[in-house]
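In: just the structure for this:
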Amino acid sequence: MGLEKINLDLKEDGSLGSVISAETAIGYLLRGGVVLGGGLIAVGWFLRVLTPINSGMFELLRRGQELPTEMVSPIRWSGYPNAWITLGLMVLIGLPMIRVALAGLVFFLQKDYLYTLFCVLVLGNLLFGFLSRLIL
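Out: Next comes the predicted model:
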């Protein structure tokens, strides 16, 4: 039982539509996510080389103080390479969750409810593992 083709028509008459397999669409999404996550990490490493280690954010974190809002603003991320690296890692961590969620959606659309249930259970396990690390 392979993944069936999903019709991604752009117009009602189908003139500009295209048919693409769900596997191919998910593959392109995952490749793009890996490139995005890797690019964010590369930007962070590049900025790490250019940024002095003893910047203000690290001093505040070391002392256990709360960071001012302007320090964690995305506009000022260029001075904080760890933020870029963390964002890239979060993108890479989120990719398996996206893969399982999309596979579950495809199985649901195919009315294959057993595999949909498996995907929901796996996705729940992944989310629990991810969120429990954030909380604990």
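
In: only C-alpha atoms from now on, for both contacts and neighbour counts.
Out: Fine.

In: where along this structure do the helices fall?
Out: Remark: helices assigned in the chain by DSSP state H are 22-50, 56-63, 69-72, 81-109, 113-135.

In: mind giving me the packing neighbours of the fourth one?
Out: Read it as helix 81-109. helix 22-50, helix 113-135 (3 or more CA pairs under 8 Å, 6 or more residues apart in numbering; DSSP states H and E).

In: now do the buried residues in it.
Out: Buried residues in helix 81-109, defined by neighbour count with 16 or more other CA atoms under 10 Å: 81-85, 87-89, 91-92, 94-95, 97-108.

In: where does this structure dip in pLDDT?
Out: For the chain, the stretches flagged by pLDDT under 70 are 1-20, 51-79, 136.

In: run the last query once more with 90
Out: Scanning the chain for pLDDT under 90 picks out the ranges 1-27, 44-86, 90, 93, 103, 105-112, 126-127, 129-136.

In: how near is the spatially closest residue to residue 39 that is not a sequence neighbour to residue 111?
Out: Here the nearest residue to residue 39 in space, its sequence neighbours aside, is residue 88; by CA to CA, 6 or more residues apart in numbering that works out to 7.4 Å. Applying CA to CA, to the nearest Å, the value for residue 88 to residue 111 is 35 Å.

In: which residues touch residue 103?
Out: Counting by CA atoms under 8 Å, 6 or more residues apart in numbering, residue 103 touches 116, 119.

In: and what of residue 46?
Out: Contact analysis of residue 46 by CA under 8 Å, 6+ apart lists residue 81.

In: what's the separation between it and residue 34?
Out: Relative to residue 34, and taking CA to CA, residue 46 is found at 18 Å.

In: could you do residue 28 as well?
Out: Relative to residue 34, residue 28 is positioned 10 Å away (CA to CA).

In: more crowded one of those two?
Out: Using other CA atoms under 10 Å as the criterion, residue 28 and residue 34 rank with residue 34 on top: 18 against 12.

In: pretty sure the more buried one contacts residue 93?
Out: No. Contact status for residue 34 versus residue 93: not in contact, 9.9 Å apart, counting by CA atoms under 8 Å.

In: hang on, residue 26 packs against residue 101?
Out: No. Between residue 26 and residue 101 there is no contact under CA under 8 Å: 10.4 Å.
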